[in-house]
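S.K.: what's the 3D shape of this:
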Amino acid sequence: QVQLVESGGGLVQAGGSLRLSCAASGRTFSRHAMGWFRQAPGKEREFVAAINWSGISTYYADSVKGRFTISRDNAKNTVYLRMGSLTPEDTAVYYCAARYGGWTDVERAWDYWGQGTQVTVSS
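M.R.: Down below sits the predicted model:
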């Protein structure tokens, strides 16, 4: 069992940066791929980024590639999402997810979810 708690969301101006954190409980954190998804108002939840268990491999949606960076610290059971060059289109609730094994951009394939943290980008 893995429990996830996100933090770091808030209000930021367009062009600004924000770092989200996701603290995980459970001794098997290092065996899980970790991911970030987001859901904007009126839209379905979408894949943002993922990182494999070791932190060596990362994957991004095209919409955030080059602007967002996912990383993890297995000693701290934490995964991060550094977001830069933010635009109003990045406004959404951001969710952390965990999956035993490899990553995928398919939402239903992820096993554990956090409660989400709101990110609002003003123009």
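S.K.: from here on, contacts and neighbour counts on C-alpha atoms
M.R.: Will do.
S.K.: was I right about Gly8 contacting Ser17?
M.R.: No. The pair formed by Gly8 and Ser17 falls short of the contact definition of C-alpha atoms under 8 Å, at 11.1 Å.
S.K.: pretty sure Ala49 contacts Ser57?
M.R.: No. Contact between Ala49 and Ser57 fails when scored by C-alpha under 8 Å: they sit 10.9 Å apart.
S.K.: more crowded one of these two?
M.R.: Under the criterion of other C-alpha atoms under 10 Å, the comparison of Ala49 against Ser57 puts Ala49 first, with 26 against 13.
S.K.: got the contact list for that one?
M.R.: Residues near Ala49 by C-alpha atoms under 8 Å, 6 or more residues apart in numbering: 35-37, 58-61, 70.
S.K.: now the two most distant members of those.
M.R.: Using C-alpha to C-alpha, the contacts of Ala49 span at most 14.0 Å, a distance reached by Phe37 and Thr58.
S.K.: spatially nearest residue to Arg67 (excluding sequence neighbours)?
M.R.: Nearest residue to Arg67, sequence neighbours excluded (C-alpha to C-alpha, 6 or more residues apart in numbering): Gly84, at 5.1 Å.
S.K.: returning to what we had before: neighbour-wise, which one of the contacts of Ala49 leads?
M.R.: Of the contacts of Ala49, with other C-alpha under 10 Å as the count, Gly35 tops at 31 neighbours.
S.K.: beta partners for the closest residue to that residue other than its chain neighbours?
M.R.: Spatial nearest neighbour of Gly35, excluding adjacent residues (C-alpha to C-alpha, 6+ apart): Ala50 at 4.0 Å. Here Ala50 sits in beta bridges with Gly35, Tyr59, going by DSSP bridges.
S.K.: pLDDT value on Ala50, please?
M.R.: Each residue has a pLDDT score; the one for Ala50 is 97.
S.K.: same question for Ser25.
M.R.: 91.
S.K.: same deal with Val2?
M.R.: 86.
S.K.: you'd agree it is up against Gly26?
M.R.: Yes. With contact defined as C-alpha under 8 Å, Val2 counts as touching Gly26 (5.2 Å).
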